[in-house]
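S.K.: this one's structure only:
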RNA sequence: GCGGGCGUGGCGGAACGGCAGACGCGCUGGACUUAGGAUCCAGUGGGUUAACACCCGUGAAGGUUCAAGUCCUUUCGCCCGCACCA
C-alpha cells in the first residue's frame, strides 16, 4: 500500500475484486429480513448525468447501510430501453435503434460500475429485449381480457415533432413532455387503459402511502381530481333529447339562465341542422376544434359563445333556457356541458355580462340583499336560498343534498362523482416499442394474439421515416398475419406501446429477471415486494408513479401479486444545479460525471453529492467544494495509512477504565456512530452524517498528537475501525482499501454496522448556560446529572450572576435539566 | 388564480421551542519549505471598544412564551406543480 492516496488504483482494484467475488449478488431468499432498495432505472441516453449520479449515490448509501445493518438487500439496476431517442438516432444517423441502445447501455453500465454502485448485475435487463417485452405484451393481454384495454376513436394529443400521440400525462402545459413542441388534437382510433376504473382506489389508497412525500400525494390527488356533485336532466324544447349536465352546485339550479355545450358535443349538430345559424356555428366549431390544447384551454383566452337558437327546460322551474355553444366547455370533463349560473359563478358572471344574459340571485348572503343589476362579481360564498320555490330559506350547503335527493326522487337527476383523470392512451405510432399483441381480422374483428404465440417480435429490417404512421405499417412481413381465430389472413396492429407501460412493472421483474414461464415467480415477488425504498426525481410524481400504482392494483386483482401498492417509501431527490439553474447543454453549465470521476475519483464525486445538500433539496454544484471532499478523503488516507501497521489487534476495552483524553476520544467515536446511524436511518440526512464523520477525523488528528505513552491503543483502533465502517457506504473504495490494509479479513461492505455503547456516551461534566432575562450571561462546567435544585443553587452562587442581579427582584427561575438556568429579574 | 416548497455569514448548508451559524468552501494570519496552488495550526456574522465586555443579528411586521430561525397571524421575494374542471 502506498503512502499517498491514488484513487485510480484503489478504485480499479476493488471494482475488479468485487466483480470477481460477485460481492453484491443477492440470493433469492434469506432468513434475514428483506429490504428492496430501488432507484428509478434510466433511459439509456448514452451517458450518465449528475442527476443520475445523485440518484444512484443516494440509493447506494441506503443499500449498503441496510446490508451492513443485517438486512437481505435487493438492489438491482436495468434499462428503460424503448423510446423515441433511439428511433430519432436511426433517422438522423442511420444506425439501428437496437444497436444504438445497446451501445449506450454498455457505456452507462461501465459508468455505473466506475461509480462503484453496489448493484446485483446478475439481475440486469433491458425492457427492449424480447425476454422482457414478451411479458409486457402478456400483461397487455391480461388487461385486455379483463376489459381494461380498449380501442376507441377520439380526439387525442398529437405531437407534430415526435409524429406520435401522447397520453394526457405527457402533455405539459399544452406542450410535448419530451420535445416541448405544441401539442395538437387529432381524431384517431387508439388503445387505452381504463385507469379511470381505478380512480377511487388510487385516491383512497394514498392513505397507505405514509412513506411518500406529501407533495407527491397532493399532486396525484389533484391529477385524479375527484369532485362530488349532481347530474341534472334538462329536456330540449321541441326535441326528444335530454341534456344531462354535471354540476357541483345543484343548490343554484334555480339560478340557471343559460346552458352551454362543448363544441364537440354530439347534440350540437342536431340542434342546428336546418336552422339559420347552422353555417355560422359549424364554422365556429371547426375553428375551435383545430386549436391546440394550449390555445383552447388557457385561462386568458377569450370566452366566446354562440346561441344555437334552441332551448331546454329547467326541470325545477319549468323555464326555458337558451342553449349555447362555447369554446371554454370541454367535452371530456363531466358531461361536456355547463349550466350557466351568473349570480353564483364568477366565470358565468363575466360571460353573462358580456352577452347580456340574466343574472338571477338564488343564494342570499347574511346582511344586505344582493342586487343582480349592480353586482360586480358573482357571489360564491354560503348563504340561504331565495327564488328557489320550495327550497327557499334553506342554507345552501344543506340544499345541495336536498335538491339532488329531490331530483333523484323525481327521476330528474342523481348524485354523481366525477374525476379529472382520463383513461391512459398507450398507442404510439412508433417503431421502437413493444408491439401491441393484437390482429385485425375481417371476419373475427379485433383478436388478441394467443399467449403461446408471444412475443410478437419487432422486425429488425425496417425503414425509418417520421411519417406519422408506425414504421411497422410499412413492413409487410410484420403486418400480414394469420388470424388466431379463424386461420384466415389478418393484419397486425402496427402501433407500439407507450414506454411508460414497460416501466410500470419492471420492479417486479427484478425478483426473477430470467423467468421464462411467467412475468415473474410469484413466490419471489411475494417475498421481495413492495419496494421498501424507491428513489428518483419528482418529475415522475404523476406519470410513472401513478401508472405503476395502477398496474400494481390491476395485478393484485388478477392475483398475480399480493401487494396493493408498489412503493412503501418514496424519496424524491432534488435537482443538480449549476449557477442556480438546471444543468443543460443550451445553458452551457453541464458538469460531466466522467470528468469528475477521472479527476477526483468516484468516492469524491459521491461524497460531494451526498455532503452538499440534503437529498430532497436542490443541490448547487461547486467545483471548490468537490475539491474539499477530495481533500477530506486524502486526510482520511493520511490519518490511517501511516499507522496501519501499528494498530492494536483488539479494540476491546471497557469504558470505565478510561480517563481523560482517551475517554473523550472513545466518547466521540460512539457519539459519531450514534449520530451517523440516526441521520441515515431516520431522515436520510447524509450531509450531516458526513459532517459528523469529518468531525471524528478532525478529532483523531488531535488525538494522534498526544504522546504515545498517554494514548490507549485500543481506543485508536476502535475509532479508526468505526470511522471506516461509517464512511464505507459513502466512499466504498477508499474504505475497503484502508479496512483491509489495517489488518482486517474480508470486505468492509460485509461487516456489521457498528453499534454505539451507551456507557461510552455518558459525560462526567457538562456545560450549563446561565441566562438572566433570557440572555446568556455565563457558562458553568458542572458535574453531569445535577438535579434542577442543584443547578439553580450553583447558578445563584455564580459571582457574575450575583453582580448582575444585585438589587433586582427575582421573579422566576426556570431550570432546564442538564442545559440551562434562566433567571428572570425585574 | 389555486396548491406546494424555500428565504439563516462572502458561498453550500447545521441547529428535540433552550448557547444561531456544526461541517465544508472561501478568506486572513502563522508554521514547514528553494517554492507552495501540498500539508499542518489558528482566526473568520455585523457593530462599539485599547481591552474586559456590551449591543445588533435567521426576508419584513406583529403575536404567543421565562425563552422563537423553529409555533401563530399578516406581508414581501424566489422556485416548482396545476390551471376555464362546470
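M.R.: Okay, I see it. All figures in this text were calculated on a predicted structure; none of them were measured in a lab.
S.K.: next up, the contacts around residue A:691.
M.R.: residue A:611 (CB atoms under 8 Å, 6 or more residues apart in numbering). Just so you know, the C-beta spots here come from the backbone N, C-alpha and C atoms, and that holds for glycine as well.
S.K.: ok, it to RNA strand B distance?
M.R.: 4 Å (CB to the nearest atom of the strand, to the nearest Å).
S.K.: can you show me the strands along the stretch 201-350 of chain A?
M.R.: A:227-236, A:242-247, A:258-261, A:305-313, A:320-326, A:337-340 (DSSP state E, counting those that start in this stretch).
S.K.: thinking residue A:213 is in contact with residue A:615, fair?
M.R.: No. In this structure residue A:213 lies outside contact range of residue A:615 using CB atoms under 8 Å: 11.2 Å.
S.K.: what is in contact with those two at once?
M.R.: Common neighbours of residue A:213 and residue A:615, using CB under 8 Å, 6+ apart, are residue A:571.
S.K.: more neighbours: these two, which one.
M.R.: residue A:615 (23 against 16; other CB atoms under 10 Å).
S.K.: per-residue confidence for that one?
M.R.: Here, the pLDDT recorded for residue A:615 equals 95.
S.K.: now do the contacts for it.
M.R.: Contacts of residue A:615 (CB under 8 Å, 6+ apart): A:54, A:58, A:571, A:573-574, A:684, A:686.
S.K.: for the closest residue to RNA strand B within the stretch 1-150 of chain A, which non-adjacent residue is closest in space?
M.R.: Relative to RNA strand B, the nearest point of the stretch 1-150 of chain A is residue A:4 (9.2 Å; CB to the nearest atom of the strand). Nearest residue to residue A:4 in three dimensions, chain neighbours excluded: residue A:637, at 7.7 Å (CB to CB, 6 or more residues apart in numbering).
S.K.: surely the one you found meets residue A:738?
M.R.: Yes. With contacts counted by CB under 8 Å, residue A:637 reaches residue A:738, the gap being 7.1 Å.
S.K.: can you get me a residue count around the residue of the stretch 1-150 of chain A closest to RNA strand B?
M.R.: When neighbours are counted by other CB under 10 Å, residue A:4 comes out with 8.
S.K.: just confirm it is within a helix.
M.R.: No. Assigned with DSSP: H, G, I helix; E, B strand; the rest coil, residue A:4 falls outside any helix and is coil.
S.K.: hmm, residue A:705 and residue A:639 touching each other?
M.R.: No. Checked against CB under 8 Å, the pair residue A:639 and residue A:705 is beyond contact range at 11.7 Å.
S.K.: one step back: residue A:637 and residue A:738 - which one has more neighbours?
M.R.: Remark: of residue A:637 and residue A:738, residue A:738 carries more neighbours, 26 against 21, as counted by other CB under 10 Å.
S.K.: interface residues of the stretch 701-826 of chain A facing RNA strand B?
M.R.: A:701-702, A:767, A:769, A:771, A:773-777, A:779, A:812, A:814, A:816, A:819-820, A:822, A:824 (CB under 7 Å from any atom of the strand).
S.K.: only the buried subset of these, as a PyMOL command please.
M.R.: Here is the PyMOL command that picks out the buried ones among these, judged by 16 or more other CB atoms under 10 Å:
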select buried, chain A and resi 771+777+820+822
